[in-house]
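> Quick one, structure for this:
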Amino acid sequence: MRAVWAICACIGGASHGLVEPGRAVRGGLRLRAERGVCDGEEFSALARSLSPSKTIEVHGLTQRMLAAGEEVISLSVGEPDFAPFPEIVRATAAAAREGETRYTEVAGSGALREAISRDLSRRKQTSYAASEIVVTNGAKQAVYQAILALCGPGDEVIVPAPYWVSYPEIVKLSGATAVVAETRLEDGYKLTAASLRKALTARTKALVLCNPCNPTGACLDEAELRALHAELRGTDVWVVADEIYERLHYDPDRPHVSFAALDADAFARTAVVNGFSKAFAMTGFRLGYLAAPRPLAAMAAKLQGQLTSCASSLSQAAGIAALDRVPDAALRPLVDEFKARRDFVLTRLREMGPRVACPPDPDGAFYVLPDVAACFRLAPPLEDDDAGGSSSDGLPLGDSSAFCAALLRHRKLALVPGDAFGAPRAVRISYATDRATLASAMDALEAFVQLDLRDPSPPRSAATDAAIPDASSPPLSSLTG
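Sure, this is the predicted structure:
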């Protein structure tokens, strides 16, 4: 007998949640079901088809290792290490004290949407009315609602690789199919017109364009954007332009240009995604937005009304302060610091020899995606296990997941494997941390690459425990060794 699950919202709002078999529910309803362990078949095919986020997975593992008393350096999470500006903190506190704690409109408060409209007009030369802006619970929700509003079964969405881990899964949630457009390290991982042309078909509904890009830091300039736009003219293809990192841009001679600002045709086919997490260090505020032509914005707001309703009213008050009270000049020292960290990391990586290949200097965000495939034929050191044997079989690493697992085990450094980003030859390094931590991390990586890895010994078995597991593998805690 299958267990019966109920998701209930009881009359009067006294209880919300999963009802255990046999538990009484307010209102007289009692569910009778055989108790048992869920075997996975209880869940929908859609939920089971999704891949877990490797960035969240690795971060969770490092937090558990730290809680267990181990010293771990993590460059796995894309989160600025500085605090929000005082103006933002004061505005949040004031909003709480003054009673701004109620629901706002689903699409966001009028005051915040007007502030976003002014900011986009002033900085990005794009003109959006408040009614064309939807404030979301983080930029990820804006991406999701744009894709969900535009795409469905039978549609194709072009996702340039390397890509942010959530893009293919968001496309999958919509019922559409993600079509990967490949890029090359020697091109700085930038999407070219030729690669876009190759991916376009009669079923293409949208292109997801992250600029600057997570996980590569690549930033397309105006000429490169215009070349992509030329491929889209005469089509009905939308562009979901994720520009969450646009303030973190390092080349003053080539300022960031929004895809929507290219011309009227580009504006009409673009859904701009942005937010407050990265440049303003407001990751925990969960505040983003979508700016798009009114019909798409209205559809996204309708979806949000059935998903989460409005973003936090306190976060929205903080967003207004970020746009209206924090001058652009205040961000310059932070951007300069990120650039200095980027330069430090690239210098250290390029000193590690032929086993590590770097792309041209990325112009934005706070990531580097070096190619470490030359290490995959090498093996990590042997380790003694609790039974007196060896926990490593002397086999080649084989892929980026095994590389990251061995690096974490032997040098206590957490990076994210590139296969999570559609870049199986690479690993992602986030340099959104202080320089002392970066120096220790580069020391650990250099020691692992140059000292720990060696030509493999004859294999004793066909198994290796080096890979970071997927959802069907043993618990991540097994990686701690």
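> where does the stretch 51-200 of the chain have low pLDDT?
Segments of the stretch 51-200 of the chain classed as low confidence (criterion: pLDDT under 70) are 54-55.
> which residues of it fall in helices?
54-67, 86-97, 110-124, 139-150, 166-174, 193-199 (DSSP state H, counting those that start in this stretch).
> Buried residues, the longest one. List them.
By that I understand helix 110-124. Residues of helix 110-124 classed as buried: 112, 113, 114, 115, 116, 117, 119, 120, 124 (neighbour count, 16 or more other Cβ atoms under 10 Å). The way it works is simple: take the backbone N, C-alpha and C, and place the C-beta from them, glycine included.
> Make a markdown table out of these and add distance to residue 338.
As requested, these are exported to a markdown table (distance: Cβ to Cβ, whole Å):
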| residue | distance to residue 338 |
| --- | --- |
| 112 | 26 |
| 113 | 29 |
| 114 | 30 |
| 115 | 25 |
| 116 | 23 |
| 117 | 27 |
| 119 | 21 |
| 120 | 23 |
| 124 | 20 |
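> Now do the lengthiest helix in the chain: which elements does it pack against?
For the chain, the helix with the greatest residue count under DSSP state H is helix 328-350. Applying 3 or more Cβ pairs under 8 Å, 6 or more residues apart in numbering; DSSP states H and E, one finds that helix 328-350 contacts strand 367-368, helix 435-447.
> Which among those is found nearest to residue 176?
Using Cβ to Cβ as the measure, strand 367-368 is the one of these that comes nearest residue 176, at 26.5 Å.
> and for the closest one, what are the contacting residues?
Strand 367-368 is contacted from outside by 78, 214-217, 342, 345-346, 349, 358-359, 362, 428-431, using Cβ atoms under 8 Å, 6 or more residues apart in numbering.
> Residue 113 contacts residue 130, doesn't it?
Yes - under the criterion of Cβ atoms under 8 Å, residue 113 lies in contact with residue 130, with a separation of 3.9 Å.
> which of the helices and strands packed on helix 328-350 sits most buried?
With neighbours defined as mean count of other Cβ atoms under 10 Å, the helices and strands packed on helix 328-350 peak in mean count at strand 367-368, which reaches a mean of 25.
> Among the buried residues of helix 110-124, which pair sits farthest apart?
Pairwise distances across those peak at 16.9 Å for 112 and 124 (criterion: Cβ to Cβ).
> follow-up on the earlier one: pipe the helices of the stretch 51-200 of the chain into a markdown table and attach distance to residue 311 per row.
Compiled in a markdown table, the helices of the stretch 51-200 of the chain are given as follows (distance: least, Cβ to Cβ, whole Å):
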| stretch | distance to residue 311 |
| --- | --- |
| helix 54-67 | 21 |
| helix 86-97 | 13 |
| helix 110-124 | 9 |
| helix 139-150 | 9 |
| helix 166-174 | 18 |
| helix 193-199 | 33 |
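> most packed of these?
Of the helices of the stretch 51-200 of the chain, the one with the most neighbours on average (mean count of other Cβ under 10 Å) turns out to be helix 139-150, with a mean of 25.
> Just give me how far it sits from the chain centre.
Shown here is helix 139-150, whose average C-alpha point lies 14 Å from the average C-alpha point of the whole chain (Cα atoms, centre = their mean, to the nearest Å).
> follow-up on the earlier one: angle of the longest helix of the chain against helix 110-124?
Between helix 328-350 and helix 110-124, the angle comes out at 60 degrees (axes from the mean of the first three to the mean of the last three Cα atoms, to 10 degrees).
> Of all the helices of the stretch 51-200 of the chain, which one comes closest to residue 439?
Each of the helices of the stretch 51-200 of the chain was checked against residue 439 via Cβ to Cβ, and the shortest separation belongs to helix 54-67, namely 18.5 Å.
> Pick out the residue nearest the middle of the protein.
The chain has residue 164 as the residue nearest its centroid, 4.9 Å off, counting by Cα atoms, centre = their mean.
> pretty sure that residue is in contact with residue 423, am I right?
No - in terms of Cβ under 8 Å, residue 164 does not count as a neighbour of residue 423; the distance is 11.4 Å.
> Now the common contact residues for the two.
Common neighbours of residue 164 and residue 423 are listed as residue 215 (criterion: Cβ under 8 Å, 6+ apart).
> for the helices of the stretch 51-200 of the chain, which one sits closest to residue 441?
Proximity to residue 441, assessed across the helices of the stretch 51-200 of the chain by Cβ to Cβ, is greatest for helix 54-67 (12.2 Å).
> quick one: that closest one to helix 166-174, angle?
Using the same axes, to 10 degrees, one finds that helix 54-67 and helix 166-174 are set 120 degrees apart in direction.
> Alpha carbons of helix 54-67, as CSV, please.
Presented in CSV, the C-alpha positions along helix 54-67 are these (Å, rounded to 0.1, in the frame of the first residue of the first chain):
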residue,chain,number,x,y,z
LYS,A,54,26.7,21.7,-7.6
THR,A,55,27.5,25.1,-6.2
ILE,A,56,25.0,24.7,-3.3
GLU,A,57,26.1,21.1,-2.9
VAL,A,58,29.8,21.9,-2.5
HIS,A,59,29.0,24.9,-0.3
GLY,A,60,26.9,22.6,2.0
LEU,A,61,29.7,20.1,2.2
THR,A,62,32.3,22.7,3.2
GLN,A,63,29.9,24.1,5.9
ARG,A,64,29.6,20.6,7.4
MET,A,65,33.3,20.1,7.3
LEU,A,66,33.8,23.5,9.1
ALA,A,67,31.2,22.5,11.7
